[in-house]
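A.B. asks: Build me a model from this:
(one chain, ligands or ions: 2)
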Amino acid sequence: MRRLNAHKPANATQKMDPVRLHLRSTARSSNFLSRNSGKQQPRPNLCILVSVLISLSLLLCYLFLFPKDPAPSWGKRYTILIDGGSTGTRIHVFGYAGSSGMTLAFDFGDGGLASMRVNPGLSAYSGDPDLAGRSLQELIEFGKQRVPRDQWAHTEIRLMATAGMRLLELPIQYKILDSCRVALRDSGFKFQDEWASVITGSDEGIYAWVVANYALGTLGGDPLQTTGIVELGGASAQVTFSTGESLPTEFSRTVKFGNITYNLYSHSFLHLGQNVAFESLRELLLSREYNSANDNVREGVLIDPCVPKGYSDTGPWKFLPGPLDNKNRSISIIQSGGNFSECRTAAYKLLQEGKDKCTHRQCYIGSAFTPKLQGKFLATENFFYTSKFFGLAPEALLSDFMTAGQHFCGEDWPALKKRHSSLHEEDLLHYCFSSAYIVALLHDSLGISLDDRRIRFTNQVGNVPLDWALGAFILRSSESVDSKVTHRHSMIVSDDPHILLLIGGTLIIFALIGWFISKWRKPQLKTIYDLEKGRYIITRVSRH
Ligand SMILES: Nc1nc2c(ncn2[C@@H]2O[C@H](COP(=O)(O)OP(=O)(O)OP(=O)(O)O)[C@@H](O)[C@H]2O)c(=O)[nH]1
Ligand SMILES: [Ca+2]
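C.D. replies: Ligands and ions are numbered 1, 2, ... in the order given. Got it, this is the predicted structure:
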């Protein structure tokens, strides 16, 4: 049997006298109730309370769905990208506002980006792939110095290798990648095996295009206002730009940024990076078909027009297996020809190799389709290093490279070494070749006129280094922003602790509102004893 209600009617005697207890109007009983519940406790005005709670929760919802700033930044976060290039491996540590960010504003200055390079590149370990992973240790330590320890487990680390690795046989590539995965798994950072890979040359070009246009402020704007990128690396060269031309599928890429879609031509010319091209040109000079026209080989001596006068190198050389016959294999010395125009002719011939296999409407380089270059371009890496060495302005003309190269190639090698004693000899040796190669590539092959001002030779725009790795980071960040924007309205909870807090708080407030309303709506029941009927009845208590 339920206990009697603790409160007694006002006129009740101490003893529960069943006779006098009548059905109480809920009002009187509630008055009675209030009289007997000790000191008058002002019951919270439920309506005010509920409305405060509802407005609070609406405010929280507004903050979550329409934050003042696309998203409040939640402190700094990090991501790491390792660029596995043919001549070296470099780590880039990106620090950025860890917002659930709907905006992309990165600081690529000292506060936001830290990089370090080690030589040689991963492909140099083809003879002993297990050592490749060890070459990453120094870079991983560098990353640990830049990322706070409590963030290591949340910091993703990715290895993206380029042309140097693409040149290796697949089994060797896999062994080198596996060796790197072991090192990255043990790094303490967040890593998954598929995050160590060899990227395509087309992706490499796209990423370089993204960082260039991000730095120029044209990413997300009119495609016709974007700037193309030509990059001369160590083992490959990339050409990427926006074009209205119809493109064969293998050369056509689309990049979506914000609500703009860019139709891009992107291709990486493998083997045509500067370092590999320099070696390949010697192979060409030694080949039979070339030699029939030129007497570059006389009694075991190769005359190389692409090295300054007075240079000689007694080898050994690692000539790639190719069109060499035994007679030429017995090269004992390479002597300088120091002749810019002969070097340019040989370089052009190298760039045209394979043209007979062209199956497209036009192939400016080898058998690859290349549309006519449209718009402005940034020329990076070896394009920039060569222009810088010759003291050329960023807006230099190709005719300036010709003049500088003609002079340099004809100079005396010992005098050059003396004058540029601070430079790496290998870099110094390449400038005769690179000046001729740049003219043969951009003018003789791609059709940029000698006095065209469309090209800027640079490795930086503002404080943004034009490194494709930054482009990969920007693109990934924008994709994750897009996915957050897409999901934001479907309230898919982000992994951001503050967002979770916001949602949790909102849910608690709604639950409180629901509870109060249910209390308020739930009939307040009272059990009283009816003297006349001699039994207990349950009655509803009225509300104020
Ligand atoms: N002259 C000169 N060349 C440099 C310097 N630093 C790097 N290089 C050369 O410039 C090129 C650098 O381009 P990168 O893209 O870094 O080359 P990489 O990534 O090792 O090669 P890929 O795998 O083809 O991209 C290489 O040919 C280097 O040898 C420099 O300070 N001076
Ligand atoms: Ca590179």
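
A.B. asks: where are the low-confidence patches of the stretch 201-350 of the chain?
C.D. replies: 288-299, 315-333 (pLDDT under 70).

A.B. asks: change it to 80
C.D. replies: Across the stretch 201-350 of the chain, the ranges flagged by pLDDT under 80 are 286-302, 312-335.

A.B. asks: Pick out the residue of the stretch 251-400 of the chain closest to ligand 2.
C.D. replies: E381 (6.5 Å; C-beta to the ion). No exception for glycine: its C-beta is placed from N, CA and C like everyone else's.

A.B. asks: For the chain, what lies in contact range of ligand 2?
C.D. replies: 85, 233 (C-beta under 5 Å from the ion).

A.B. asks: make it 6 Å
C.D. replies: 85, 162, 233 (C-beta under 6 Å from the ion).

A.B. asks: can you redo those as JSON lines with secondary structure and neighbour count?
C.D. replies: Below are the residues of the chain next to ligand 2 laid out as JSON lines (DSSP: H, G, I helix; E, B strand; the rest coil; neighbours: other C-beta atoms under 10 Å):
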{"residue": "G85", "secondary structure": "coil", "neighbour count": "29"}
{"residue": "T162", "secondary structure": "coil", "neighbour count": "30"}
{"residue": "G233", "secondary structure": "coil", "neighbour count": "27"}
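
A.B. asks: filter the residues you listed by proximity to ligand 1?
C.D. replies: 85, 162, 233 (C-beta under 6 Å from any ligand atom).

A.B. asks: Next one: the first one from W413, what distance?
C.D. replies: Relative to W413, G85 is positioned 28 Å away (C-beta to C-beta, to the nearest Å).

A.B. asks: got it, and Q137?
C.D. replies: With C-beta to C-beta as the criterion, Q137 and W413 are 38 Å apart.

A.B. asks: Can you pick out the residue with more neighbours from these two?
C.D. replies: Ranked by neighbour count (other C-beta atoms under 10 Å), Q137 and W413 place W413 first, with 19 against 13.

A.B. asks: where does the more buried one land on pLDDT?
C.D. replies: Predicted confidence (pLDDT) for W413: 93.

A.B. asks: Give the residue spans of the stretch 1-150 of the chain that score low on pLDDT.
C.D. replies: In the stretch 1-150 of the chain (pLDDT under 80), the answer is 1-75, 98-111.

A.B. asks: and this structure, which of its residues are near ligand 1?
C.D. replies: 85-88, 121, 162-164, 233-236, 273-275, 381-382, 385, 427.

A.B. asks: Among those residues, which lie within strands?
C.D. replies: Those of the residues of the chain next to ligand 1 mapping onto strands are 236, 381, per DSSP state E.

A.B. asks: for the chain, longest strand please?
C.D. replies: strand 260-270.

A.B. asks: how about the residue of the chain found nearest ligand 1, what does it touch?
C.D. replies: Of all residues in the chain, G85 sits closest to ligand 1, at 2.2 Å by C-beta to the nearest ligand atom. G85 is in contact with 121, 161-164, 233-235, counting by C-beta atoms under 8 Å, 6 or more residues apart in numbering.

A.B. asks: separation between it and L167?
C.D. replies: The value you get for G85 to L167, if C-beta to C-beta is used, is 12 Å.

A.B. asks: what about the closest residue to V464 other than its chain neighbours, how many neighbours?
C.D. replies: Of all residues not flanking V464 in the chain, A215 sits nearest, at 3.7 Å (C-beta to C-beta, 6 or more residues apart in numbering). A215 has 23 neighbouring residues, counting by other C-beta under 10 Å.

A.B. asks: Kindly provide the distance from A215 to A208.
C.D. replies: For A215, the distance to A208 - C-beta to C-beta - is 11 Å.

A.B. asks: Need the overlap of contacts for those two.
C.D. replies: L466.

A.B. asks: what residues are up against V461?
C.D. replies: Counting by C-beta under 8 Å, 6+ apart, V461 has contacts 212, 215-216, 378.

A.B. asks: whoops, S399 was the one
C.D. replies: S399 neighbours (C-beta under 8 Å, 6+ apart): 450-451.

A.B. asks: Am I right that it is in a strand?
C.D. replies: No - looking at S399 with DSSP: H, G, I helix; E, B strand; the rest coil, it is helix, so not inside a strand.

A.B. asks: Now do it, the pLDDT please.
C.D. replies: 98.

A.B. asks: can you check the one 5 residues further on too?
C.D. replies: According to the predicted model, the pLDDT of A404 comes to 97.

A.B. asks: mind checking which helix or strand it is in?
C.D. replies: Using DSSP states H and E, A404 sits in helix 398-409.

A.B. asks: going on from that helix, what's the next piece of helix or strand?
C.D. replies: helix 413-419.

A.B. asks: list the helices and strands that following helix packs on?
C.D. replies: Applying 3 or more C-beta pairs under 8 Å, 6 or more residues apart in numbering; DSSP states H and E, one finds that helix 413-419 contacts helix 425-439.

A.B. asks: list the contacts for F401?
C.D. replies: Contacts of F401 (C-beta under 8 Å, 6+ apart): 386-387, 390, 392, 435, 438-439.
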